[in-house]
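Undergrad: Sequence first, predicted coordinates after that:
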Amino acid sequence: LYTGEREILLPPDDLALFYKKRELSIQMDFVPHPNEYFVLKDRDNEKNTALAKWDNQNKKIIPILELAKGLWGVVPRNKEQRFAIDALMNDQIPLVTLVGKAGTGKTMLALAAGLVKVLDEAVYTKMLVSRSIFPLGRDLGALPGELEEKLRPWMQPIYDNFEFLLSSKSAGRDRRVSYKTIMEFGEVEIEALTYIRGRTIPKQWMVVDEAQNLTPHEIKTIVTRAGEGTKIILTGDPYQIDNPYIDSTNNGISYVAEKFKDQSLGAQVYMTKGERSPLAELASNIL
């Protein structure tokens, strides 16, 4: 799977030049992919590093976007999360895939960036959030109630993330905002992917969670719904697949990451370090 990043060992003078000029043009023994991220390391002292990315248009290495206060109060805890924030906040990249194991912060960062772009900066008219609907274990069968009530058990992880992000402690705001309030105002919409065929979705921030459960055909149907000014973020873990008909190599998110790695309209971040809790990280590694 294309990881979207690589390490580059540099002479100390080149790294110092990058810090000074905020750009670097060097001969490399590989051809970088558009929007590929780099960890620049001093070859004499590997503790001396810098995070950068490839500017495909100008053919040079440039620094990533650094936000001192993080996204909506969420401060990045590792280099992959910093790469993810750079890709999410770049309006010139309309397709971002965030791939990683449980607890790496994929969905949290996608939603936090969406709140900034929709509510604070008004770059997009609203946020559309959805998840692929596949049960873990035995299905409970048909659920009662209207569509919103039927979707709630599937979408509860999304609601949990919104509740955390919109709390005053996380957002750093004076008053607590309920996710129900922003949904009532139409700024956030949560729906099933089942009814997306035939739609055109313009100027929206679209998050598709658990995209590893989608087939390449389904993922094509979703991405081709994007209208003018829409950004699509696909999140998922290819090693947590509930769909019995696909695997870690032929699922939707792996398919998109591979097909878009040479396209300037896409960026991929492979997230490896879990930040949910020490227990969740240990369980993800040893079970």
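TA: Perfect, I can see it now. Just so you know, these numbers come straight off a predicted model, no measurement behind them.

Undergrad: beta partners for I232?
TA: When bridges are called by DSSP bridges, I232 pairs up with L95, M206.

Undergrad: Surely it is in contact with I222?
TA: Yes. Distance between I232 and I222: 7.3 Å, which falls inside the contact criterion (Cβ atoms under 8 Å). No exception for glycine: its C-beta is placed from N, CA and C like everyone else's.

Undergrad: Common neighbours of the two, please.
TA: Taking Cβ atoms under 8 Å, 6 or more residues apart in numbering as the contact rule, I232 and I222 both touch V208.

Undergrad: Give me the neighbour count for D14.
TA: As a burial measure, the neighbour count of D14 was computed by other Cβ atoms under 10 Å and equals 17.

Undergrad: next one: phi and psi at it?
TA: Note on D14: backbone dihedrals following degrees, to the nearest 10 are phi -70, psi -40.

Undergrad: Just give me the neighbour total for N243.
TA: Neighbours of N243 using other Cβ under 10 Å come to 16.

Undergrad: try S25
TA: The tally of other residues near S25 (other Cβ under 10 Å) stands at 12.

Undergrad: can you pull the contacts of the residue nearest to L193 when sequence neighbours are not counted?
TA: Nearest residue to L193, sequence neighbours excluded (Cβ to Cβ, 6 or more residues apart in numbering): S130, at 5.0 Å. With Cβ under 8 Å, 6+ apart as the criterion, the residues that contact S130 are I190, E191, A192, L193, I196, M206, V207, V208, D209.

Undergrad: After the helix-or-strand element of the chain with minimal mean pLDDT, which helix or strand is next?
TA: Ranked by mean pLDDT, DSSP states H and E, the helix or strand of the chain with the weakest confidence is helix 168-171, at a mean of 52. Beyond helix 168-171 in the direction of the C-terminus, DSSP states H and E gives the next helix or strand as helix 179-184.

Undergrad: which residues touch the helix or strand following that following helix?
TA: Using DSSP H and E, the helix or strand that directly follows helix 179-184 along the chain is strand 188-190. The contact list for strand 188-190 (Cβ under 8 Å, 6+ apart) reads 118, 126-130, 151, 155, 158, 162, 179, 182-183.

Undergrad: do stretch 24-41 as well
TA: 2, 4-10, 14-15, 17-18, 48-54, 56, 59-62, 64, 79, 83, 86-87, 90, 93, 261-264, 266-267, 269.

Undergrad: Would you mind listing the buried residues in stretch 260-267?
TA: For stretch 260-267, the buried set under the neighbour-count rule, 16 or more other Cβ atoms under 10 Å, comprises F260, K261, G266, A267.

Undergrad: sorry, back to before: for the contacts of S130, please prepare a markdown table with the additional fields pLDDT.
TA: Listed next are those as a markdown table, based on pLDDT from 0 to 100:
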| residue | pLDDT |
| --- | --- |
| I190 | 82 |
| E191 | 79 |
| A192 | 76 |
| L193 | 76 |
| I196 | 76 |
| M206 | 96 |
| V207 | 95 |
| V208 | 94 |
| D209 | 92 |
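
Undergrad: quick one: the strands in the stretch 151-287 of the chain?
TA: With strands called from DSSP state E, counting those that start in this stretch, the stretch 151-287 of the chain shows them at 188-190, 204-209, 231-236, 266-271.

Undergrad: Next, the angle strand 231-236 makes with the second one.
TA: Between strand 204-209 and strand 231-236, the angle comes out at 10 degrees (axes from the mean of the first three to the mean of the last three Cα atoms, to 10 degrees).

Undergrad: ok now strand 204-209, how far from the chain's centre?
TA: Distance of strand 204-209 from the chain centroid (Cα atoms, centre = their mean, to the nearest Å) equals 10 Å.
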